[in-house]
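# got a predicted structure plus its sequence, pasted below:
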Amino acid sequence: MKTSDILIELQDMMDKWGNPVEAPINEAFVDSITKRKPDSLATPMLKKLGDELCFLLVNQPDYFTFLKTMDGFEYNGLILYSLSVPEPLDKNLFVMNDFYRDNDDFINPDLAQRLVIGNDSISLFTYDNKTNLFEIRDNAATENVFGVFDNFNEFLIEVVGTVK
């Protein structure tokens with residue numbers, strides 16, 4: 001099943017139950033990440049996240065297809081974070097990754113080295129740009145990995161299958 005077909009099915013499920021569907025990401029927003037100048041005024045954390053997102057978008061084109069269809073979603077407890085929608089904060093990729101990497105309480109080494117792209121009630125969804133793999137990790141014991149996927153399409157099939 002192609003990514004676009006999975007997203008159509010997801011949108012249909014969301015519409016059926018009255019869940020809002022996020023608008024596609026604005027191309028200018030993607031350009032602000034992928035074509036930013038090295039002398040930008042972004043913080044070191046934001047620069048690192050931007051670099052990781054660039055890598056993700058280049059190496060996983062199905063993720064970009066997802067963003068061009070909907071910039072994140074929440075359905076039946078399954079959340080894939082938005083890049084451009086700032087609120088609610090707990091559904092924004094930048095805010096959540098800043099939390100996992102730079103907070104005063106605890107920095108989880110498993111998450112600090114990966115881009116956290118979403119969650120559900122028991123799992124965190126990550127992308128490891130060193131291995132170019134998507135992972136489903138235990139939310140409490142993040143060293144435990146439930147699934148590893150070498151492309152976004154297979155990852156999406158798995159996580160959307162949990163809410164059908």
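Good, I have the coordinates.

# going forward, measure contacts and count neighbours with C-alpha atoms only.
Noted.

# could you list the low-pLDDT ranges of the protein?
39-41 (pLDDT under 70).

# tell me where this protein has strands.
Taking DSSP state E, the strands of the chain run over residues 73-75, 78-80, 115-119, 123-128, 133-138, 145-149.

# compile those strands into TSV and extend it with columns for mean neighbour count.
TSV is the format used below for the strands of the chain (neighbours: other Cα atoms under 10 Å):
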stretch	mean neighbour count
strand 73-75	20
strand 78-80	20
strand 115-119	23
strand 123-128	22
strand 133-138	22
strand 145-149	14
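
# for residue 139, what are its contacts?
Contact analysis of residue 139 by Cα atoms under 8 Å, 6 or more residues apart in numbering lists 121-124.

# again with residue 115
49, 52, 97, 126-129.

# where's stretch 77-96 relative to the chain centroid, distance-wise?
Mean-position distance between stretch 77-96 and its chain equals 8 Å (Cα atoms, centre = their mean, to the nearest Å).

# residues contacting it, please?
25, 29, 46, 49, 71-74, 116-121, 159-160, 163.

# repeat the analysis, applying 10 Å as the threshold.
Here stretch 77-96 makes contact (Cα atoms under 10 Å, 6 or more residues apart in numbering) with 22-26, 29-30, 45-46, 49-50, 53, 67, 70-74, 97, 99, 102, 115-125, 156, 159-160, 162-163.

# tell me where the chain has helices.
Ranges of helices in the chain, per DSSP state H, are 3-16, 27-34, 44-59, 61-69, 93-101, 109-112, 152-161.

# in this protein, which residue is most central in space?
When Cα atoms, centre = their mean is applied to the chain, the residue found nearest the centroid is residue 117 (2.5 Å).

# surely that residue meets residue 72?
Yes: under the criterion of Cα atoms under 10 Å, residue 117 makes contact with residue 72 at 9.2 Å.

# contact partners of stretch 38-50?
32-36, 51-56, 93-95, 97-98, 101-102, 114-115.

# now do the end-to-end distance for that stretch.
11 Å (Cα to Cα, to the nearest Å).

# in that stretch, which residues are buried?
46-47, 49-50 (16 or more other Cα atoms under 10 Å).

# make JSON lines out of those residues and add distance to residue 133.
Below are the buried residues of stretch 38-50 laid out as JSON lines (distance: Cα to Cα, whole Å):
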{"residue": "46", "distance to residue 133": "21"}
{"residue": "47", "distance to residue 133": "21"}
{"residue": "49", "distance to residue 133": "16"}
{"residue": "50", "distance to residue 133": "18"}
